[in-house]
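>>> Quick one, what's the 3D model for this:
(chains A and B)
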Amino acid sequence: MIDALEPSAYNLAFKSLDKKACPLRHFQPGCIKVQFSTIALATIAHKPSHILLEEKFISLLQSCKNTNHLRQIQAQVITHGLQHSHYVVPKFIAQFAEWKNMKYARQVFDQMLDPNDVTYNVMFKGYLQNGQHKEVVSLFRKMMEFDVMPSCYTFPMVLKSCGKLSALCEGAQVHSFVFKNGFKANKFVGNTLIEMYSGAGESRLAYKVFGEMPLRNIVAWTSMINGFISCGYMEAARNLFDLAPERDVVLWNTVVSGYIEIGDMETARKLFDEMPLKDVMSWNTMLSGYASNGDLEACEKLFKEMPRRNVFSWNGLIGAYAGHALFFEVLTTFKQMLSDFEVLPNDATLVTVLSACARLGALDLGKWLHVYAQSIGYKGNIFVENALVDMYAKCGEIENAVNVFRSMVKNDLVSWNTIIGGLAVHGHASDALDFFDEMIKAGVKPDAVTFIGVLCACTHMGLVDRGLAYFHSMADYSISPQIEHYGCVVDLYARAGCLDEALNFVKTMPMKADAVVWACLLGACRIYKNVEIAELALEKLIELEPGNPANYLMLSNIYGDAGRWEIVSKLKVAMRDTRFRKTPGCSLIEVHDKIVEFYSLDERHPEAEEVYACLRSLTKLIRATSFSPEAMNPEQEVAINSSALFFAKHCIAR
DNA sequence: CTAGGGTTAG
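Numbering: from 1, shown residues only, chains lettered A, B, ... in the order given. This is a model prediction of the structure:
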């Protein structure tokens, strides 16, 4: 070993530390010098020098700042003939796993002559960390082939992967191996077996394991109770809970959230009140329980009563508002959270608030959030960036949406779906289709949501044939169309004026058409003045949603367009008799950091008269130029700009 | 190299 470190080896190793590729301080020559002095010391102390060298490498590993550095050290490890060391290699693999690079980790592993159980275990752990469960199972098979004896650390990891893959057959094999080799007394192994079986819905098998465990600690009890809950056996879970020799806060919370899951808020609350000790999580569980069961009042009340709050508490309340479509409340609560200084928002907070901005068109706040997110370290967070793309797209800032999309380190399926959908609904349909092609070329597999965006783009461009081709191509990606996709195709035909084709398509659909489908057909009937199909669509609509006055209103408009006023007046009477009133569809606009709501012919604004006067002159000017901005003369341009300015200044939120 | 409880994007 010492020989291997003579100057020639030193030079070789040093060469691999190309300064350009590796600009960090840790790898300055001084570092290597330390290595030499260590070896010198070792010679004096008569300590095996290769052990010290290995230690040196391991401490170097810990200071790595990227995968490149790891590769540099790897080169040195090989230079020193340590690529088979049972001491160094596991640490190496663990580091690569930490950097989410299991490909390199596997390379290091494969280069090793006789990997032992520990080395296998770190590989398992790495795969597990990175969600590569298939690899865990196949590597375990290899371990068996090579007759490497697993340790008690091995089984929990392998079993967990079997559970994630719902590969019960494999799992049972591992189980029998555990049984034969005397690992069944191990608490960790038993616990993961329970989790695996109950995760696959086999609570009876899980209970068998639980019953056969010689030593059951509270973790095992919790897992078993949780297993019953996730398999839908709340009673069994409760019985076991009442029998448990010991109950800690985790177990209490598990049972409380079990009752919440089945919607039994009363029992959940009763248990919550009985808890001898509540931590923040107990409160949060109750809070989000009220939210998901629609009791917003109880949710708000509980939030006020909480002795301590963390991010999850705030996210719970904000999420509750978002879930009830109360987006203004989302924003005000978020502002409260900021001014409270109690806790810092996290990525989940930002995502929820950004999506509220998207729904409200609160572009200014959205932009502020963009900067804010970066300043608190969520630059490069895929959740936040996808939400930003969505926010910009929904607020009409397509260019910014594309910019954020392009600046992302990695675009996942949701990113692609968001940008395609965003472009499609904002009049950039051909760009949307370009993005779809790019996505396919990039090797990203589209899903059902992708095709909603693509079909929507075709609808907006009136590309009936191309849209149909996309619809049929879904089978190539093994995606079976859902009602939404059929709805898109109906829309595709209907908006293009092919009402008969649309109706035929509805008739041949494999599922029953829902209200959305008929409403879209009805909407097209008005534009293309087809009273016949409209009557049919309305008949279906009344059957599906008898209380929705929007349907009658639509038909009445159709008759109105056709000049058949006698029917219109009859319908008006019929509508009055339903005693339902249609809530007018409203729009939102952000002006001066406030959001104004308005609907068609709205007169609630204090300056409504001026606003409408301005709108009239704008319309007149636009008509005069035949909708073509290029054809405007400078005088008209000035007029339009000042009118627009008037709009901006006078739409002040009340 | 070990176990049990949470929120988020279309």
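
>>> hmm, stretch A:148-157 touching DNA strand B?
Yes: for stretch A:148-157, a contact with DNA strand B is found by CB under 7 Å from any atom of the strand, at A:Ser151, A:Cys152, A:Tyr153, A:Thr154, A:Pro156. For the C-beta atoms, the positions are set from N, CA and C on the backbone; glycine is no exception.

>>> what two of those have the greatest distance between them?
A:Ser151 and A:Pro156 (10.6 Å; CB to CB).

>>> Comparing the two, which residue is more hemmed in?
Neighbour count, other CB atoms under 10 Å: between A:Ser151 and A:Pro156, A:Pro156 has more, with 21 against 14.

>>> The more buried one is in what secondary structure piece?
helix A:154-164 (DSSP states H and E).

>>> Run the chain-centre distance for that helix.
25 Å (CA atoms, centre = their mean, to the nearest Å).

>>> elements contacting that helix?
Applying 3 or more CB pairs under 8 Å, 6 or more residues apart in numbering; DSSP states H and E, one finds that helix A:154-164 contacts helix A:117-129, helix A:133-145, helix A:168-180, helix A:187-199.

>>> any idea of the mean pLDDT in it?
Helix A:154-164 carries an average pLDDT of 93.

>>> How about residues contacting it?
With CB atoms under 8 Å, 6 or more residues apart in numbering as the test, helix A:154-164 has contacts from A:117, A:120-121, A:124-125, A:127-128, A:131, A:133-134, A:136-137, A:140, A:143, A:150, A:168, A:170-171, A:174-175, A:178, A:183, A:186, A:188-189, A:191-193, A:195-196, A:199-200.

>>> re earlier: just so I know, which of the helices and strands packed on helix A:154-164 lies nearest A:Ala356?
The closest of those to A:Ala356 is helix A:117-129. By CB to CB, the value is 33.1 Å.

>>> does that closest one come close to DNA strand B?
Yes: shown here: helix A:117-129 in contact with DNA strand B (CB under 7 Å from any atom of the strand) through A:Asp117, A:Val118, A:Asn121, A:Val122, A:Lys125.

>>> Next, the buried residues of that helix.
For helix A:117-129, the neighbour count (16 or more other CB atoms under 10 Å) marks A:Val118, A:Thr119, A:Tyr120, A:Asn121, A:Val122, A:Met123, A:Phe124, A:Lys125, A:Gly126, A:Tyr127, A:Leu128 as buried.

>>> for it, the distance to its chain's centre please.
Distance of helix A:117-129 from its chain centroid, counting by CA atoms, centre = their mean, is 27 Å.

>>> Surely A:Gly547 forms part of a helix?
No: counting by DSSP: H, G, I helix; E, B strand; the rest coil, A:Gly547 is not part of a helix but coil.

>>> for the closest residue to A:Tyr197 other than its chain neighbours, what are its contacts?
Closest residue to A:Tyr197 apart from its sequence neighbours, by CB to CB, 6 or more residues apart in numbering: A:Ala206 at 3.7 Å. Residues near A:Ala206 by CB under 8 Å, 6+ apart: A:Leu193, A:Ile194, A:Glu195, A:Met196, A:Tyr197, A:Ser198, A:Met224, A:Gly227.
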